[in-house]
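> Pasting the sequence and the predicted model now:
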Amino acid sequence: MIKLYPQLILDALSTVRYPGNGKNIVELGMVADDIRIDGLKVSFSLIFPKSTDPFMKSILKAAETAVHTHISPDVEVTVTASTPQPAAAPQRPILPGVKNIVGISSGKGGVGKSTVASNLAVALAREGYKVGLLDADIFGPSVPKMFGLEDETLYMHEVDGKELIIPAERYGVKVLSIGFLVDKNAPVLWRGSMASNALRQLIEDADWGELDYFLIDMPPGTSDIHLTLVQTLAITGVVVVSTPQEVALADARKGIAMFMGEKINVPVLGLVENMAWFIPEAHPDERYYIFGKEGAVRLADELGVKLLAQIPVVGSICDGGDSGEPIAAKDTITAHAFMHLAHEVTEAVDERNGTLPPTVKVNVTRK
């Protein structure tokens, strides 16, 4: 019985010459390194420089004939053609000019996540940072209204041979939202894949330029949008927003668990307690805990995450959001709370990046 081995196959194929240059297909490196032998069955592929090579069919047939002639007609030959795969075009890096990407998340809707995201962006801009804000809440975009940009028209320009969206800009913050691209009075009825693709476009096909902080106002809850964001971007960390009431804290706990889980594994920079207490504007020294007291303080301590800030409820916050004038752009007590939040977030980011030593807690016993 004939015993087949790779060199025997190569010796037979060395008798096949490529028309025009007199060299055989083994010399030319046309025999791929994939010779497979199973009893009297042999298979291999020949590499052609182009898929349109005029001699492809004749050489494939000649290779089969060479094995039958120089080894045995009983050999069952399978020979295929392949062409080199073209080198993939270099991809444009995602957000190449962005230093830090921070997600603003909440376990449920209605806790003021977008208000916190918008005012944090403005507060960071007031501190001199270059800031961008992406409204990733595909099904409930509210950032355009909060910045007074509901009727904004987006334009595009060319950057390095590619047409990119120019973000809107107000209060020193670059802003993009799906709300700019859909009817503001109609619901967005998209499947998850459509929403994810739209979100990628707002991230990858926009000219965000050089930014110190790129904030993402995430949808409430846990969804495939969150997966899209963490798979698309190297997120520095997330800020989780909750109110003090137990129903909100239960969902905030789930959100924090999602980010800390193995599948997501994104650092939680800290927790923001929004609507921590109500302050009547006519009586700024009074506090009313209408949503519970210090629930997020206890949750932060329980989970071992930082409490970044407690934001009070003041009528001017709502008015500012509705009128497109974020309260952080003004000089009020509430604006100072958001400026404090901005300071805490930058410190948490610096600590996360290793540019700031970790905070050391010192227990002081008071006599």
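Alright, I've got the coordinates. Numbering: from 1, shown residues only.
> CA atoms for contacts and neighbours, from now on please.
OK.
> Report the separation between residue 141 and residue 199.
Distance, residue 141 to residue 199, by CA to CA, to the nearest Å: 12 Å.
> joint contacts of these two?
residue 178 (CA atoms under 8 Å, 6 or more residues apart in numbering).
> Tell me if I'm right that residue 195 and residue 140 touch.
No: Residue 195 lies out of contact with residue 140 (CA atoms under 8 Å); the separation is 11.8 Å.
> Is residue 56 in contact with residue 49, as I believe?
No: Residue 56 lies out of contact with residue 49 (CA under 8 Å); the separation is 10.1 Å.
> neighbour count winner among those two?
Neighbour comparison, residue 56 and residue 49: the larger count goes to residue 56, with 19 against 11 (by other CA atoms under 10 Å).
> Give the next helix or strand downstream of the longest strand along the chain.
Determined from DSSP state E, the single longest strand within the chain is strand 268-278. Note on strand 268-278: by DSSP states H and E, the next helix or strand toward the C-terminus is helix 295-303.
> Could you figure out how far that next one is turned away from strand 268-278?
150 degrees (axes from the mean of the first three to the mean of the last three CA atoms, to 10 degrees).
> Mind giving me the packing neighbours of helix 295-303?
Contacts defined by 3 or more CA pairs under 8 Å, 6 or more residues apart in numbering; DSSP states H and E place helix 295-303 against helix 246-260, strand 268-278, strand 307-313.
> re the thing from before, name the residues that touch the longest strand of the chain?
Contacts of strand 268-278 (CA under 8 Å, 6+ apart): 111-112, 116, 237-244, 256, 259-260, 287-297, 300, 305-314, 345, 348-349, 352.
> mean pLDDT for the helices and strands packed on helix 295-303: which is lowest?
Lowest mean pLDDT within the helices and strands packed on helix 295-303: helix 246-260, a mean of 87.
> Tell me the buried residues in that one?
Within helix 246-260, the residues that count as buried by 16 or more other CA atoms under 10 Å are 248, 249, 251, 252, 253, 254, 255, 256, 258, 259.
> Can I get it as CSV, trimmed to CA atoms?
Taking Å, rounded to 0.1, in the frame of the first residue of the first chain, the C-alpha atoms of helix 246-260 are listed here in CSV:
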residue,chain,number,x,y,z
GLU,A,246,-35.6,52.9,49.4
VAL,A,247,-37.2,52.1,46.0
ALA,A,248,-34.6,54.1,44.2
LEU,A,249,-31.8,52.7,46.4
ALA,A,250,-32.8,49.1,45.5
ASP,A,251,-32.3,49.9,41.8
ALA,A,252,-29.1,51.8,42.4
ARG,A,253,-27.7,48.8,44.2
LYS,A,254,-28.5,46.6,41.1
GLY,A,255,-26.9,49.2,38.8
ILE,A,256,-23.7,49.3,40.9
ALA,A,257,-23.6,45.5,41.0
MET,A,258,-23.9,45.5,37.2
PHE,A,259,-20.9,47.8,36.7
MET,A,260,-18.8,45.9,39.3
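> Pull the distance from it to the chain's centre.
Mean-position distance between helix 246-260 and its chain equals 21 Å (CA atoms, centre = their mean, to the nearest Å).
> can you give me the angle it makes with helix 295-303?
40 degrees.
> Now do helix 246-260: everything it contacts.
Contacts for helix 246-260 (CA under 8 Å, 6+ apart): 105-108, 111, 221-222, 240-243, 264-268, 295-296, 299.
> Go through the residues you listed and flag which are in strands.
Using DSSP E, those in strands are 105, 106, 240, 241, 242, 268.
> Arrange the residues you listed in JSON lines, one row each, with neighbour count and distance to residue 27 as further columns.
As requested, the ones in strands among the contacts of helix 246-260 are exported to JSON lines (neighbours: other CA atoms under 10 Å; distance: CA to CA, whole Å):
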{"residue": "105", "neighbour count": "29", "distance to residue 27": "62"}
{"residue": "106", "neighbour count": "33", "distance to residue 27": "65"}
{"residue": "240", "neighbour count": "24", "distance to residue 27": "64"}
{"residue": "241", "neighbour count": "29", "distance to residue 27": "67"}
{"residue": "242", "neighbour count": "32", "distance to residue 27": "70"}
{"residue": "268", "neighbour count": "22", "distance to residue 27": "59"}
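> Show me which of the contacts of strand 268-278 are buried.
Applying 16+ other CA under 10 Å to these flags 111-112, 116, 237-244, 256, 259, 291, 293-297, 300, 305-314, 345, 348-349, 352 as buried.
> mind listing the helices for the protein?
6-13, 56-70, 113-126, 143-146, 192-204, 224-232, 246-260, 295-303, 315-323, 333-353 (DSSP state H).
> List the buried residues in the last one.
It refers to helix 333-353. Neighbour-count burial for helix 333-353 [16+ other CA under 10 Å]: 333-345, 347-349, 352.
> Next, count neighbours for residue 236.
19.
> how does this protein divide up, domain by domain?
6-82, 98-353 (automatic domain parsing).
> Deepest-packed of those domains, please.
domain 98-353 (a mean of 19; mean count of other CA atoms under 10 Å).
> so where's the stretch 51-200 of the chain shaky on pLDDT?
In the predicted model of the stretch 51-200 of the chain, residues 85-92, 183-192 satisfy pLDDT under 70.
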